[in-house]
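Enquirer: Only the shape, not the letters, is given here:
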């Protein structure tokens with residue numbers, strides 16, 4: 001019969017191993033979903049185009065992204081499109097639903113940079129888009145002269 005002291009040691013070792021494996025899994029998930037800035041230490045959203053998000057939706061689902069495009073914000077038609085022409089023609093499948101409050105966001109009909117979480121399942125109002133950007137924490141006018 002094993003001694004109580006040996007059982008405690010084995011239990012402590014098993015708990016430490018489980019914590020180490022869990023920590024590695026968490027670290028690999030964090031690496032998969034974001035890139036930490038060396039300056040701030042915070043998770044930086046990945047820069048990506050609207051077209052690439054739509055084409056590789058599975059690869060980016062649930063990830064924080066920074067996307068530039070032409071935004072139109074309205075009650076039933078808040079979208080981010082690759083071009084102004086796509087927005088004018090309401091080509092939803094070529095764009096992404098912007099999950100923003102129309103009361104909080106100024107009416108936008110211009111090129112913007114959006115940061116948020118990409119969701120391939122949420123396809124916006126009446127499922128008219130190819131995905132959405134949720135948890136939007138930045139929606140600002142893109143200034144090409146500041147590049």
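Expert: That came through fine. Because the structure is predicted, anything quoted here is derived from the model rather than measured. Residues are numbered from 1 along each chain as shown.
Enquirer: Please count neighbours and contacts with C-alpha atoms only from this point.
Expert: Fine.
Enquirer: Show me the domain layout of the chain.
Expert: Structural domains annotated on the chain: 4-33, 43-146, as defined by automatic domain parsing.
Enquirer: Worst mean pLDDT among those domains?
Expert: The weakest mean pLDDT among these belongs to domain 4-33, with a mean of 57.
Enquirer: ok, which stretches of the protein are strands?
Expert: Ranges of strands in the chain, per DSSP state E, are 35-36, 43-44, 46-49, 64-72, 79-81, 96-98, 109-119, 132-141.
Enquirer: Tell me which stretches of this protein form helices.
Expert: Assigned by DSSP state H, the chain shows helices spanning 4-33, 50-55, 57-60, 84-88.
Enquirer: Now render the strands of the chain as JSON lines, adding distance to residue 126.
Expert: Converted to JSON lines, these look like this (distance: least, CA to CA, whole Å):
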{"stretch": "strand 35-36", "distance to residue 126": "33"}
{"stretch": "strand 43-44", "distance to residue 126": "31"}
{"stretch": "strand 46-49", "distance to residue 126": "23"}
{"stretch": "strand 64-72", "distance to residue 126": "17"}
{"stretch": "strand 79-81", "distance to residue 126": "13"}
{"stretch": "strand 96-98", "distance to residue 126": "11"}
{"stretch": "strand 109-119", "distance to residue 126": "15"}
{"stretch": "strand 132-141", "distance to residue 126": "12"}
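Enquirer: Please produce JSON lines containing the ones you listed, extended by distance to residue 88 and mean neighbour count.
Expert: As requested, the strands of the chain are exported to JSON lines (distance: least, CA to CA, whole Å; neighbours: other CA atoms under 10 Å):
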{"stretch": "strand 35-36", "distance to residue 88": "34", "mean neighbour count": "14"}
{"stretch": "strand 43-44", "distance to residue 88": "31", "mean neighbour count": "16"}
{"stretch": "strand 46-49", "distance to residue 88": "19", "mean neighbour count": "15"}
{"stretch": "strand 64-72", "distance to residue 88": "9", "mean neighbour count": "24"}
{"stretch": "strand 79-81", "distance to residue 88": "10", "mean neighbour count": "31"}
{"stretch": "strand 96-98", "distance to residue 88": "14", "mean neighbour count": "30"}
{"stretch": "strand 109-119", "distance to residue 88": "10", "mean neighbour count": "21"}
{"stretch": "strand 132-141", "distance to residue 88": "18", "mean neighbour count": "18"}
